[in-house]
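Asker: What follows is a predicted protein model with its sequence.
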Amino acid sequence: MTTIKTPIIPSHQQFAEVHASHELDKKAICIFAATGFFLDSDTYWKNKKVLPTASDNILDDNGFLIVSKPWFQWHYSPRDISFEAALEEFTALFEQIISEQHTDSNVILPLSGGLDSRTQAVALAKLKKPVTAYSYSFKGGFSESGIGKRIAKACGFDFKEFIIKPGYLWPKLEALASINQCYSDFTHPRQMAVLEEFKKMEGLFSLGHWGDVLFDRGAPEGTREEDLLDIIIKKIVKKGGMELATALWQEWELEGDFESYFRERIASLLNKIKIANPSAKLRAFKSLYWAPRWTSVNLSVFEAAHPINLPYYDDRMCKFICTVPEEYLADRKLQIAYIKQQNPALAKITWQDHRPYNLYTFERNKSPHNLPYRIGNKLKREVRGKLGKPYIQRNWELQFLGMENDEKLQERLFGQNLHPFLSKPLIARFYNNFKAVDAVKYSHPLSMLLTLAMWNDCLRREN
């Protein structure tokens with residue numbers, strides 16, 4: 001027998017066999033189509049499950065799950081402490097985690113224009129760690145690298161800039177399918193574009209994933225508990241996702257209707273979280289079901305180059321969050337205060353979500369103060385469009401737009417016989433809607449159909 005203890009937020013999916021028929025779990029795949037990730041312990045197969053988070057699991061010698069018991073449950077137990085005390089505790093804990101994760105190694109730090117990696121940069125600079133930082137920007141999009149370069153310079157880090165070019169995905173599809181096993185859609189892991197460059201670097205990755213969830217309000221102010229189900233569904237279902245899932249449900253002639261089944265699944269999982277505070281409860285739901293099945297899946301791309309560390313995933317950080325009053329977590333207060341206190345120079349650099357403002361001025365990011373920037377930015381995008389240089393904002397635009405991309409896409413979707421898993425009329429319906437109706441809405445269904453087609457192709461080749 002084998003005993004496996006999973007972390008509070010696992011960075012890897014660990015699978016086990018269960019006693020069920022070896023057939024496709026088509027209901028689970030419909031949820032995957034709607035959201036871009038599998039829910040709870042679901043996989044493509046009924047007899048294969050992912051081990052739950054924060055659990056002790058016993059497997060027999062054949063890999064079958066015998067028993068699974070939780071060793072931790074998310075809770076909300078706010079202590080009666082001042083904000084200053086909470087900040088002091090966060091500072092000590094965060095810097096301890098960073099130090100332990102990179103005791104004897106060089107650090108590879110992805111830098112964005114946000115707060116999570118900037119918080120890591122503060123700690124790494126204080127600890128005098130040798131760091132190679134990098135940023136990437138879309139070709140023809142906002143220069144995220146511009147902010148990252150300023151942060152790196154202020155910290156004394158080496159810096160590399162990567163430009164994510166159109167069509168990078170097509171020659172890398174098979175490699176990506178092997179890395180993430182088709183458990184996430186294919187248009188989001190832009191790090192795949194520079195995987196070979198990653199391999200040339202030296203050190204361990206320090207990744208800032210999930211900081212924006214732990215260190216912000218979980219739900220909008222004034223949210224009632226009875227509102228959470230609709231809020232969750234709105235957050236996790238992608239544009240066009242419900243339509244694709246419903247189409248698959250009907251084509252596979254599954255009992256009932258998809259939306260009712262989906263709502264019942266989410267409601268059941270939500271009811272298991274024994275937290276009264278709606279904001280903390282929503283954060284717990286995301287950390288239980290979104291982080292390990294969406295965010296963690298594509299961490300495997302980084303890991304294909306070098307080992308990874310995730311300070312915000314640390315069990316101690318999750319336990320700490322459960323004891324911090326919501327008002328201190330809301331609106332990124334702790335991270336902002338930490339950066340301003342420990343490295344004011346980084347706090348003065350533009351915060352991408354509130355550009356052109358920084359951590360001292362972002363509260364001015366509202367009308368009428370931000371009108372000049374918003375108008376100027378809109379005019380720049382319109383001028384680029386008129387010159388035939390569209391402003392790239394989303395990863396799918398690099399993969400699906402343009403003649404060369406379209407040829408590769410059609411080859412993948414229509415160049416193989418996917419029946420009875422996916423019918424050509426269903427694929428054609430969503431492809432045509434993307435081309436002629438609404439590219440933004442139907443980009444997600446197209447990405448999911450591509451992912452499912454790749455999974456089916458991998459399965460066929462294995463057999």
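Answerer: Perfect, thanks for sending it. Residues are numbered from 1 along each chain as shown.
Asker: Q73: neighbour count?
Answerer: Residues near Q73, counting by other CB atoms under 10 Å, number 14. Using the backbone N, CA and C atoms, a C-beta is placed for each residue, glycine as well.
Asker: List the residues that contact it.
Answerer: By CB atoms under 8 Å, 6 or more residues apart in numbering, Q73 lies in contact with A54, K274.
Asker: 7 Å instead?
Answerer: Applying CB atoms under 7 Å, 6 or more residues apart in numbering to Q73 gives no contacts.
Asker: same check, this time on L176
Answerer: Each residue near L176 by CB under 7 Å, 6+ apart is listed here: F186, P189, M192.
Asker: now swap in L229 and tell me
Answerer: R263, I266, A267, L270 are the contacts of L229 under CB under 7 Å, 6+ apart.
Asker: so which of the residues you listed is the most crowded?
Answerer: I266 leads the contacts of L229 on contacts (other CB under 10 Å) with 22 neighbours.
Asker: Distance check, the residue nearest to that one when sequence neighbours are not counted against K281.
Answerer: With CB to CB, 6 or more residues apart in numbering as the criterion, I266 has its nearest non-adjacent residue at 5.7 Å, and that residue is I232. When distance is defined by CB to CB, to the nearest Å, I232 is 10 Å away from K281.
Asker: swap in Y360?
Answerer: 33 Å.
Asker: between those two, who's got more neighbours?
Answerer: More crowded of Y360 and K281, by other CB under 10 Å: K281, with 22 against 13.
Asker: okay, the more buried one: pLDDT?
Answerer: You'll see K281 listed with a pLDDT of 97.
Asker: Can you give me the neighbour number for the residue nearest to L288 when sequence neighbours are not counted?
Answerer: Leaving aside its sequence neighbours, L288 sits nearest to T53 (CB to CB, 6+ apart; 5.8 Å). Residues within reach of T53, counting by other CB under 10 Å, total 23.
Asker: check contacts around T53.
Answerer: Counted by CB under 7 Å, 6+ apart, T53 has contacts T6, I8, I9, P10, L288, P292.
Asker: doesn't I58 fall inside a strand?
Answerer: Yes - according to DSSP: H, G, I helix; E, B strand; the rest coil, I58 belongs to a strand.
Asker: correct me, but it touches I66?
Answerer: Yes - I58 is within contact range of I66, at 4.6 Å (criterion: CB atoms under 7 Å).
Asker: Look at the two and report which has more neighbours.
Answerer: I58 (15 against 12).
Asker: need the contact list for the more buried one.
Answerer: M1, T3, I66, V67.
Asker: Ok, S184 next?
Answerer: G36, F37, W294, V297, N298.
Asker: Can you list the neighbours in contact with stretch 331-350?
Answerer: Contacts to stretch 331-350, defined as CB under 7 Å, 6+ apart, come from residues 86-87, 90-91, 113, 115, 118-119, 121-122, 125-126, 147, 150-151, 154, 215-217, 328, 356, 358-360.
Asker: What average pLDDT does that stretch get?
Answerer: 97.
Asker: ends of it, how far apart?
Answerer: Terminal residues of stretch 331-350 lie 17 Å apart, using CA to CA, to the nearest Å.
Asker: And the helices in the stretch 251-400 of the chain?
Answerer: Counting by DSSP state H, counting those that start in this stretch, the stretch 251-400 of the chain has helices at residues 258-271, 278-285, 299-303, 315-321, 326-329, 333-342, 344-347, 371-386, 395-400.
Asker: Next, the buried residues of the fourth one.
Answerer: Think helix 315-321. M317, C318, F320, I321 (16 or more other CB atoms under 10 Å).
Asker: Ok, the fifth one next?
Answerer: Judged by neighbour count using 16+ other CB under 10 Å, the buried positions of helix 326-329 are E326, Y328, L329.
Asker: and if you look at the third one?
Answerer: Of the residues in helix 299-303, L299, S300, V301, F302 count as buried by neighbour count, 16+ other CB under 10 Å.
Asker: Touching, the first one and H306? I think so.
Answerer: Meaning L299. No - using CB under 7 Å, L299 is not in contact with H306; the gap is 11.6 Å.
Asker: List the buried residues in stretch 256-272.
Answerer: Applying 16+ other CB under 10 Å to stretch 256-272 flags F258, Y261, F262, R265, I266, L270 as buried.
Asker: actually stretch 204-219, sorry about that
Answerer: For stretch 204-219, the neighbour count (16+ other CB under 10 Å) marks 204-211, 213-219 as buried.
Asker: In strands only, show me those.
Answerer: L204, F205, S206 (DSSP state E).
Asker: and which of those is nearest to W455?
Answerer: F205 (26.4 Å; CB to CB).
Asker: and the closest one, what are its bridge partners?
Answerer: F205 has these beta-bridge partners by DSSP bridges: I108, I308.
Asker: quick one, strands of this protein?
Answerer: Ranges of strands in the chain, per DSSP E, are 2-5, 15-17, 48-50, 55-59, 65-70, 107-110, 131-138, 158-164, 204-206, 308-309.
Asker: What angle do strand 65-70 and the fourth one make with each other?
Answerer: Yep, that's strand 55-59 we're talking about. Angle, strand 55-59 to strand 65-70, by axes from the mean of the first three to the mean of the last three CA atoms, to 10 degrees: 170 degrees.
Asker: Parallel or antiparallel, which strands does strand 55-59 pair with?
Answerer: Strand pairing (DSSP bridges) places strand 55-59 next to strand 2-5 (antiparallel), strand 65-70 (antiparallel).
Asker: from those, which stretch is densest packed?
Answerer: strand 65-70 (a mean of 13; mean count of other CB atoms under 10 Å).
Asker: In PDB, list the C-alpha atoms belonging to that one.
Answerer: Listed in PDB are the C-alpha atoms of strand 65-70, where the atom choice follows Å, rounded to 0.1, in the frame of the first residue of the first chain:
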ATOM      1  CA  LEU A  65      -7.800   4.500  -3.800                       C
ATOM      2  CA  ILE A  66      -8.900   2.800  -0.600                       C
ATOM      3  CA  VAL A  67      -9.500   5.700   1.600                       C
ATOM      4  CA  SER A  68      -9.100   9.500   1.600                       C
ATOM      5  CA  LYS A  69      -9.400  11.700   4.700                       C
ATOM      6  CA  PRO A  70      -8.900  15.500   4.900                       C
END
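Asker: How about residues contacting it?
Answerer: Residues from elsewhere that reach strand 65-70 (CB under 7 Å, 6+ apart): 16-18, 49, 51-52, 54-60.
Asker: If any of these are buried, give me the PyMOL selection for them.
Answerer: Listed next is the PyMOL selection for buried residues among these, using 16+ other CB under 10 Å:
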select buried, resi 16+17+49+51+52+54+55+57+59
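Asker: Perfect, that will be all.
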